[in-house]
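In: predicted model and sequence follow; I will ask about them next.
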Amino acid sequence: MMKVASADLTERILSKSGIVAAVAPDRAIDAFSTALAAILRFSGQSNLDALDRLQGFPAINLGSLTAKERGFLQAEIDSRIDRASESTIAQLQERVQGVIEARRRKRLAAYYTKPTAVAVMAEMAQLYREAHVRRKLIVADPFLGSGLTLTGAIKRIGEDSVAMAWGIEPYPLSAVIAYAALLYQLGGDRRRVRVEIGDAFASLGLGSDATVNAERTLIGADVVLTNPPFTRWELLDSDYRAYLREVVVGSPYNRFLARRQLNLQLVAMFLIDRVLKESGLLVSVLPASTFYTIAGEAVKRLLREEYVIHALIESLPDASFSTESGFKELILAATKVKPHRTPETTFISLGSSFDPSLAARVALAERAAAVASGVACINRVKVYDLPGIWDMNWLVFFGETRLRRIVTEVLTVAEKGRLVDSWANLFGSRGMIRGVEMYGPSFFLLPNDHWSLGDEENDSLLVKELHGDRSLRIPKEFLVATLRKPGLYTDTIRVHACHYFLALPPVELDDLPNDVAEYIDWGLNSNAARPAAKAFGNYWYAHVHRQLQAKRPHGRLFLPDKVDPRFEHRGAFANYTEEPVTASKNFYIVRSDNREDCRILAAWFNSSLFLALLLLVGRRLSETWTRLLKDDYLKLPVINARNLGRSSRSRVLSAFERLLTMRALPPLKQQLTSDYRFALDSAFAEAMGLQQPESAVRRLHAALRARLGNRVT
C-alpha cells in the first residue's frame, strides 16, 4: 500500500512540475529530487521553500503542490542532500535524456553532446577567453539540454571569467539539472545563473532590436556553445511550422532564405545570431546536411556575410557528436565579425585519439600540422569565394584532396573550351523530370508481388495470380512500359522496360473491361490499392494516368535518386533505353528527342569524371546512401554535346558502345583497371581539350581507386 501511495505522489509531483512522458517515473523523481537537493546544497539552503526565492531558477510549478506532495518531495530531497556533488549532477546530465519517452525525445531532439565534442568546444571557449582577458564573459546556450556544453566551458575557462551563464530548455527535468550544474560551476552564485523552461524560438524571437528579452533577464552572449535541435521539419506540428515560418519571414533574416525553404537548424542559426554579440564566438554542433541542403544555403550565406568561419570539424571514428543521433554531424567555429577579406576556413578530420586542446588551436589559432596528435587531416579553404560546383557541398573539403584537385583541373580546361556547363544552363529545369509516384506499387506495377506476366497478344497482356488460379487480360491501352527501380539495373547501362504501369483513365468502373474491374476489386480487397483509395477518393485508380498526362515523363536516359556512395554493388550509374519509356519516382528522366545526344549524355553520366564528382559532392545520407535531388543534377557539370566536334562525338560513342554491349558490368572499382573504362574516359578527356588526356585519366583512376579504398590522399 505504501508503494502505491508513493507512486501516486510521484506521478502527481512530476505532472505538476511539467515532467511528462518519462520512461520510468521512479527514475524521473529520483533525478528531480537529486537535482533539487544539489541546488539547495550549492546555494547554502536545505528547505524546498527556498527554491521559490532563487533568482534565475527554472519556473517549475512547485507552488501548486499540496502539503502532502511537498512533504514527500522534501523527504526525498533530505535523503539526498548530503550526497549531492559535482559528480552526482554530472551523471544526471548524461543520463537524463534516457528518462524521456522515445517519441517525445525524438520530438525534442534530446540527443545531448558527447564528451569529445564538449571537450573541443570548451577548449575553443578557453582560447576566446585568452584573447579577451580584460572582461568577464556571458556564455549561453539557447538550446541548453542538461547544460553539458556550458558546464564544460565554465570548468575550462574558470568561474572568475564568467559574468553570467544562461540557457533555455523545453524539458523541465533537463532544465533543473542544467541549473544545478551551472550553479555548482559558478560557486553557488545564483546571480550569475539564468535558466528558463520554454521554447527558445518563442522566448527570444528574431526581431532586430539590440536587447534580447530583457524582461526575462536573458541578455546577449559573448560565447554561444550549443547543439540545436535537429527535429525533421515534417515531424513538427503543422501549426508550429507555420509559426516558425511566420517568425522568420517577418524578421531581418528573411533575406537569407533560399527559395523560402526552412528547416529547424536554419531557424536555430538565425536565433543564435540574434543573441550573439558582435565579435562573439559561436561554436555549434550541426548536422552535416546543413552544408549541402537547399535550406542550408541560407546558413552558408549568413555565415559568409556576417562571420569569420574559423573551422568545420568532423569525426572519422564516429560520425555523430551527439549521443544516439545516428546522423553525421560537424562542429562549426565562427566569430561574429564581418569578413573584410577572404580568410581561410580550416576543415579538420579528427582521428580516434586526439588532443582537444590541439584540435581547438588548429581550428582557431595555429596553422601547425597535427597529424601525430590524432588530427587525421587538415585542409584550408577559402569558402567565401568558391566555384559553384564545390559550393554545393562543403563536405567535399574534408579529407580527400587529390581527387578534388584532378577534377578541378579537368573541369577548368573543359569550361574554357565551353565543353561543360551546368545542366540548368544547357537544358533548363524542364529538360529533366522526376518519375511517376504511385500509391501502391503492388497494385499499379505489373508484375508485382501478387501477379506475374503471361502471354502477350496484339492488344492485351495476360496477368496471372501468383497465389491463386486467376488469369486476367489487361488491354495494352492501359499499360505503359516503365523502369521499376534503380536497384534492378545496377550492372547494365542499356536496359529494357520489363514492368508496366497500370494507367487507368478517370471513368466509372462500368466503363472499364470486366477483367480490369476485377483487378481493381482485388486491389481493394487485398489492401494492395488501399493507399491510393485512401489518398485520392473517387477515381483513385486514375492517379497514375493523371501524372502521365500532366508530366509526360518519357525519355531514353534515366538517373537514380539514391546510390551507394562507394559503388560497391553498382557498375552502371545511368541507364539508357533505345526507345522512350517512363520510370518510377526513383529516377529522374532526361527529356530529349535526339538519340545520339542521349547516348553521349548517358556516356557522360557513366564516366569516371562524373562519378568522381558524385563521390565528392553528393548529399551523403549515411555511410551507405547518397541522395541526389533534381536541384543537384541541375547544378552538376554536364558535357556540352552540341560543342563537340564530329570526331570527338564519334570517339565517345564508339567507346561507350563497348559498355552498352556488356551484360554485367562489375563494380566501379574493378572497372578502373579495365581497357573499356580507360577508353571511355580518355575519349572524354581528349574531347575536352586536355593536353595529355591519357595521363590525366590514369591520375583520375588512381585517385578514384584510393578514394573507393577509403585511403586519405
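Out: Cool, the structure landed. Residues are numbered from 1 along each chain as shown.
In: in this structure, what helix or strand scores lowest on average pLDDT?
Out: In the chain, the helix or strand scored least confidently by mean pLDDT, DSSP states H and E is strand 619-620, which has a mean of 60.
In: how about stretch 556-576: buried residues?
Out: Neighbour counts using 16 or more other Cβ atoms under 10 Å place 556-567, 570-576 of stretch 556-576 among the buried residues. For glycine as for every other residue, the C-beta is placed from the backbone atoms N, C-alpha and C.
In: looking at the residues you listed, which are in strands?
Out: Of the buried residues of stretch 556-576, the ones assigned to strands by DSSP state E are Arg556, Leu557, Phe558, Leu559, Pro560, Lys562, Val563, Asn575, Tyr576.
In: pick the one among the residues you listed closest to Gly326.
Out: The shortest distance between Gly326 and any of those, using Cβ to Cβ, involves Lys562 and amounts to 17.5 Å.
In: touching, Gln29 and Ile13? I think so.
Out: Gln isn't right for residue 29; it's Ile. Yes: with contact defined as Cβ atoms under 8 Å, Ile29 reaches Ile13; the gap is 6.6 Å.
In: so Gly454, which of the three states?
Out: strand (DSSP: H, G, I helix; E, B strand; the rest coil).
In: any idea how far His340 is from Leu659?
Out: Here the distance between Leu659 and His340 works out to 51 Å (Cβ to Cβ, to the nearest Å).
In: nope, Lys155 is what I meant
Out: Using Cβ to Cβ, one obtains 35 Å as the distance from Lys155 to His340.
In: between the two, who's got more neighbours?
Out: Lys155 (16 against 7; other Cβ atoms under 10 Å).
In: once you drop chain neighbours, what's closest to that one?
Out: Nearest non-adjacent residue to Lys155, counting by Cβ to Cβ, 6 or more residues apart in numbering: Gln185, 5.9 Å away.
In: what's near enough to touch the one you found?
Out: Contact partners of Gln185, counting by Cβ atoms under 8 Å, 6 or more residues apart in numbering, are Leu150, Thr151, Ile154, Lys155, Glu159, Ala165.
In: what do you get if the cut-off is 7 Å, keeping everything else the same?
Out: With Cβ atoms under 7 Å, 6 or more residues apart in numbering as the criterion, the residues that contact Gln185 are Thr151, Ile154, Lys155, Glu159.
In: which of those residues fall in strands?
Out: Of the positions in these, not one sits in strands, assigned by DSSP E.
In: now render the residues you listed as TSV, adding distance to Ala84 and pLDDT.
Out: Formatted as TSV, the entries for the contacts of Gln185 read as follows, by distance: Cβ to Cβ, whole Å; pLDDT from 0 to 100:
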residue	distance to Ala84	pLDDT
Thr151	15	97
Ile154	18	97
Lys155	17	97
Glu159	18	95
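In: nearest to Lys464 among those residues?
Out: When the contacts of Gln185 are compared for distance to Lys464 (Cβ to Cβ), Thr151 comes out closest, at 67.3 Å.
In: tell me which residues touch the closest one, please.
Out: Thr151 makes contact with Ala181, Leu182, Gln185, according to Cβ under 7 Å, 6+ apart.
In: surely the first one touches Gly147?
Out: Pointing back at Ala181 there. Yes: counting by Cβ atoms under 7 Å, Gly147 is a contact partner of Ala181 at 4.6 Å.
In: can you list the domain ranges for this protein.
Out: 2-84, 105-399, 400-435+553-713, 441-540 (automatic domain parsing).
In: quote the end-to-end distance of stretch 84-103.
Out: With Cα to Cα, to the nearest Å as the measure, stretch 84-103 spans 31 Å from end to end.
In: for it, buried residues please.
Out: Buried residues in stretch 84-103, counting neighbours by 16+ other Cβ under 10 Å, are found at Ala84, Thr88, Ile89, Ala90, Leu92, Gln93, Val96, Gln97, Val99, Ile100.
In: of the ones in strands among the buried residues of stretch 556-576, which pair is most distant in space?
Out: Looking at these by Cβ to Cβ, the two members farthest from one another are Arg556 and Lys562, with 21.2 Å of separation.
In: okay, and for the chain, where does confidence drop off?
Out: By pLDDT under 70, the weakly predicted segments of the chain are 1-5, 21-22, 207-218, 259, 366-374, 400, 618-625, 710-713.
In: re the thing from before, please narrow the contacts of Gln185 to those residing in helices.
Out: By the criterion of DSSP state H, membership of the contacts of Gln185 in helices covers Thr151, Ile154, Lys155.
In: let me have those in TSV, extended by distance to Val176.
Out: Supplementary listing: the ones in helices among the contacts of Gln185 in TSV, determined by distance: Cβ to Cβ, whole Å:
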residue	distance to Val176
Thr151	14
Ile154	18
Lys155	20
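In: ok so, going back, wait, which of the contacts of Gln185 is closest to Leu613?
Out: Distance to Leu613, by Cβ to Cβ, is smallest for Thr151 among the contacts of Gln185, at 43.8 Å.
In: relative to Gly188, how far out is that closest one?
Out: Counting by Cβ to Cβ, the gap between Thr151 and Gly188 amounts to 14 Å.
In: partner residues bridging Val195?
Out: Gly167 (DSSP bridges).
In: any idea how far Thr149 is from it?
Out: From Val195 over to Thr149 the distance is 13 Å, taken as Cβ to Cβ.
In: neighbours around the residue lying closest to Ser33 once chain neighbours are set aside, how many?
Out: Beyond its immediate neighbours in the sequence, the residue positioned closest to Ser33 (Cβ to Cβ, 6+ apart) is Glu76, lying 3.7 Å away. When neighbours are counted by other Cβ under 10 Å, Glu76 registers 22.
In: for Ser650, same thing?
Out: Ser650 is surrounded by 12 other residues when neighbours are defined as other Cβ under 10 Å.
In: what do you get for the one 4 residues further on?
Out: A count of nearby residues for Ser654, using other Cβ under 10 Å, gives 12.
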